[in-house]
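> model this:
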Amino acid sequence: MTKRPQTEDARRTGGERTRRRLIEAAQKLIAERGESAIRLRDLTKVAGTNLAAVHYHFGSLGTLLAAAASEAVERIIEAQVAALESLPPDATLHEIAAAYFRPMVDALSGPSSKGRPYVRVLARVTSDPPEGLEDWAETVTGRAHHALVARLRPVLPGVPDDDLLFRVKCVGGILVVLSTAALEPDLQGRSPEAVERKLVPVIAGALASC
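As a prediction, the model looks like this:
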């Protein structure tokens, strides 16, 4: 009788590990292929599990992919909002731009960053939201956009909010380019500081539009 709680804990821990492997495998494949190209057997092979595990933990492939995509996007968005909120009131344009893109810089930097799929998933979801996640994608990315606009008002006081939001959305397109295989080699292997030195002046210039 005394061993039963330990057995249940071990089973629960094993289940959590399997669920985590499925989420991470789904994020990897979404980043590489997009949702429509993912097949259940391919995903279970990457995760090192079986079809029954997908149905047990998520019910369907679609539910798993939605959970994986939403987690990846929300991690980046929450980090962006937190970084902006942590800035002092007198933050400069370059400091604001750096704070906004630092979560993506951290994800893209290094030879084998675990966060890299998050950026690619974010780029895919924002440019072409999966069916059923269109409104959610607009709402969650809007949080980061409006947080950035709020920080930009003091440093770009002559620019109307509509124009600021337009610039923020345009700058978001840089994210899509950064996540492509064509540009990633320019960032891989560099330290976050080196990537920021390369990237932030471009972002700040686009936001200032001058």
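> quick one: low-confidence ranges for the chain?
The chain contains residues with pLDDT under 70 at 1-12, 109-115, 175-176, 178-189, 210.
> rerun at 80
1-15, 105-116, 123, 126-132, 173-192, 195, 210 (pLDDT under 80).
> what are the ranges of the helices in it?
Secondary structure of the chain (DSSP state H): helices at 4-33, 40-47, 51-57, 61-85, 93-108, 116-127, 134-152, 161-178, 192-208.
> so which elements touch the longest one?
Judged by 3 or more CB pairs under 8 Å, 6 or more residues apart in numbering; DSSP states H and E, helix 4-33 is in contact with helix 40-47, helix 51-57, helix 61-85, helix 116-127. C-betas here are computed from N, CA, C, even on glycine.
> returning to what we had before: need the helices of the chain in TSV with mean neighbour count, can you?
Putting the helices of the chain into TSV (neighbours: other CB atoms under 10 Å) gives the following:
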stretch	mean neighbour count
helix 4-33	15
helix 40-47	16
helix 51-57	16
helix 61-85	19
helix 93-108	22
helix 116-127	23
helix 134-152	17
helix 161-178	16
helix 192-208	17
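> could you dump the helices and strands packed on helix 4-33 to JSON lines with distance to residue 26?
Formatted as JSON lines, those follow (distance: least, CB to CB, whole Å):
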{"stretch": "helix 40-47", "distance to residue 26": "6"}
{"stretch": "helix 51-57", "distance to residue 26": "9"}
{"stretch": "helix 61-85", "distance to residue 26": "4"}
{"stretch": "helix 116-127", "distance to residue 26": "9"}
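> identify whichever of those helices lies nearest to residue 150.
Set against residue 150 and scored by CB to CB, those come closest in helix 61-85, at 7.8 Å.
> ok, now which ones touch residue 153?
Applying CB atoms under 8 Å, 6 or more residues apart in numbering to residue 153 gives the contacts 161, 164.
> sorry, wrong one. I was asking about residue 44.
Residue 44 neighbours (CB under 8 Å, 6+ apart): 25, 50-51, 53-54.
> of these, which is the nearest to residue 154?
Looking across the contacts of residue 44 and measuring by CB to CB, the closest to residue 154 is residue 25, at 43.5 Å.
> you'd agree the closest one is up against residue 46?
Yes: at 4.1 Å, residue 25 counts as touching residue 46 under the criterion of CB atoms under 8 Å.
> distance of the residue lying closest to residue 32 once chain neighbours are set aside relative to residue 54?
Using CB to CB, 6 or more residues apart in numbering and skipping the chain neighbours, the partner closest in space to residue 32 is residue 120 (7.6 Å). Separation of residue 120 from residue 54 (CB to CB, to the nearest Å): 22 Å.
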